[in-house]
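**Q** Structure of the sequence below:
(one chain, ligands or ions: 1)
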Amino acid sequence: MVQFYKIKHSSKNNPTVFKGFVSAIDHRLQGIIHYQQQTYFAQDVLPEEEVQLKVTGKRKAQLLKVLQADPRRIKPACQYYGQCGGCQGQILSFDEQLNLKAPEVKRLIEQLSGYEQLMPPQLFYGQDWRYRRVTRLATWFDHRRGWQLGFRQSQSKQLVQIDSCLVLQESLNALIPPLQGLLNAFSKSAKLGHVELYDCLPQPAVRLRLTSALTAKQRQLCTQFANEQQVSFFVSDLKSEQYLVGSDCYYQLGELAIHFTPGDFIQVNPLLNEQMVQLAQQWLALKGEDRLLDLYSGVGNFTLPLAKQVRSVVAIEGIERMSEQLRVNAKLNQLNNIKALSGDLDDPKTLAGICETIDKVLLDPARSGAQTALESVAKAGVKAVLYIACDPATMARDLAIAHKYGYKIQRWALINMFSQTSHVETVVLLSAD
Ligand SMILES: C[S@@+](CC[C@H](N)C(=O)[O-])C[C@H]1O[C@@H](n2cnc3c(N)ncnc32)[C@H](O)[C@@H]1O
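**A** This is a model prediction of the structure:
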């Protein structure tokens, strides 16, 4: 049975180091360890492992050593594992990551929402590595090495310099060394924010954030870089947002071209995004007479393909520029049954009078969830609701609303949209009868 061994007492310079057993793993792949009436969360551990840990916070501990490993533990593939905070899942094989997350997400939904004895989810796997078409890199100035590019360490403000990343598509990795060269030409006093990379059409795109106005010299350096690397270059500085090179970015979803501006949200995993859109079409069992409501619509990733199958779609998105882009996307793809509105879905007034005229709803909120919107949808008794979530915890909280209004969970799925990481995409189909 579980035993704990006290090794050292805690002080600022001499933190508590203890030996314990990992009693469980939560849906974010964090290990749960009980020690002296306290519960600690630690990364890089697996269920039932015997580990040595260091206390790093009120409820946080850091793995020092695995004393008895779970047989499923494998050697991480990434050279930055343990430094970069990105891919904690890679101590497990690709399949095991989803196998471990599935019961934890199920438990979370059952715990928070009131739904009991859920059936196991359908699982969608995708690619293990090289799947991401979007990334955001931090920049910082190092007094010895100049401007650096990298990712944040887990649970820390520290940054890790990287030359390549195994979850990124090759086209994006190929841009990192030349981008590092571009940054080397910037002066120490430059006010650089982050850099975003997009694998998109007609060519990859770079977005640079500056917290001052772009100087003439910086404009010349970025333009030269873009021409040499054959990428679009977009700058968001204190004064404006503009393309220095290129004028359009889009991705293909089946036969549809979905245009966006660098900085807009787009789904990171193209293969699984396509499967997720197909899943939405099938599960909502769309018909020619349906009036659909697409909430948190972005630039139309779901709106456009689903519009082809229904009578009409009302799409609501919080950022006006993205709603405008959705109107343009509808025109470019010759879809004239879409009404794209801009509004804050945290405000109950945004949906006033809308849900009553709707047959089916798709919600795809950000990590904060869709509490207010789901309340309006459920109150109106909309027959079929598909909730797509990148944070299962806020979704589980929101599902309590659907439960309160008598909705049933018909099916649910986990989509391995962010393989190797602690994140997972969850899709739940709710029906009012
Ligand atoms: C996960 S993205 C989904 C976008 C789109 N469905 C897609 O698949 O590309 C969530 C979207 O919700 C929008 N959003 C976030 N908070 C919102 C709010 N309070 N009201 C309306 N839209 C919001 C974001 O701007 C973002 O476009």
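
**Q** Mind naming the longest helix for this structure?
**A** Across the chain, the helix with the greatest residue count (assigned by DSSP state H) is helix 94-113.

**Q** and the next element down the chain from it?
**A** Next along the chain after helix 94-113, taking DSSP states H and E as the criterion, comes strand 122-124.

**Q** Can you list the neighbours in contact with that next one?
**A** Under the criterion C-beta atoms under 8 Å, 6 or more residues apart in numbering, residues L98, A102, L272, Q275, M276, L279, R411, W412, A413, L414, I415, N416 lie in contact with strand 122-124. Glycine gets a C-beta too; all of them are placed from N, C-alpha and C.

**Q** and if you look at stretch 369-379?
**A** Contacts for stretch 369-379 (C-beta under 8 Å, 6+ apart): 293, 295-296, 345-348, 350-352, 354-355, 361, 363, 365, 385, 387, 389, 391, 394-395, 397-398, 401-402, 404-405, 407.

**Q** Take those residues and keep only those in strands.
**A** Of these, the ones assigned to strands by DSSP state E are L293, L295, V361, L363, V385, Y387, A389.

**Q** So for the most centrally placed residue in the chain, what's the pLDDT?
**A** With distances taken as C-alpha atoms, centre = their mean, C390 lies nearest the centre of the chain, 5.7 Å away. The score at C390 is 97. That number is its pLDDT.

**Q** any idea how far it lies from R130?
**A** Going from C390 to R130 by C-beta to C-beta, to the nearest Å gives 20 Å.

**Q** what's the residue of the stretch 151-300 of the chain found nearest the ligand in contact with, if anything?
**A** The ligand sits closest to G298 of the stretch 151-300 of the chain, with a gap of 2.9 Å, by C-beta to the nearest ligand atom. By C-beta under 8 Å, 6+ apart, G298 lies in contact with D264, F265, I266, E317, M322, L326, D364.

**Q** The same query, at a cut-off of 6 Å, please.
**A** Shown in contact with G298 (C-beta atoms under 6 Å, 6 or more residues apart in numbering): F265, E317, M322.

**Q** how many other residues sit next to the second one?
**A** Translated: E317. Close neighbours of E317, defined as other C-beta atoms under 10 Å, add up to 26.

**Q** Return the distance of it relative to L214.
**A** Taking C-beta to C-beta as the measure, E317 falls 28 Å from L214.

**Q** same question, G114
**A** From G114 across to L214, the span is 52 Å (C-beta to C-beta).

**Q** try A61
**A** Separation of A61 from L214 (C-beta to C-beta) stands at 44 Å.

**Q** For the ligand, give me its nearest residue in the stretch 51-200 of the chain.
**A** V134 (10.9 Å).

**Q** For that residue, which non-adjacent residue is spatially closest?
**A** Using C-beta to C-beta, 6 or more residues apart in numbering and skipping residues adjacent in sequence, the residue nearest V134 is V268, 4.9 Å away.

**Q** Could you do G86 as well?
**A** Spatial nearest neighbour of G86, excluding adjacent residues (C-beta to C-beta, 6+ apart): F151 at 5.7 Å.
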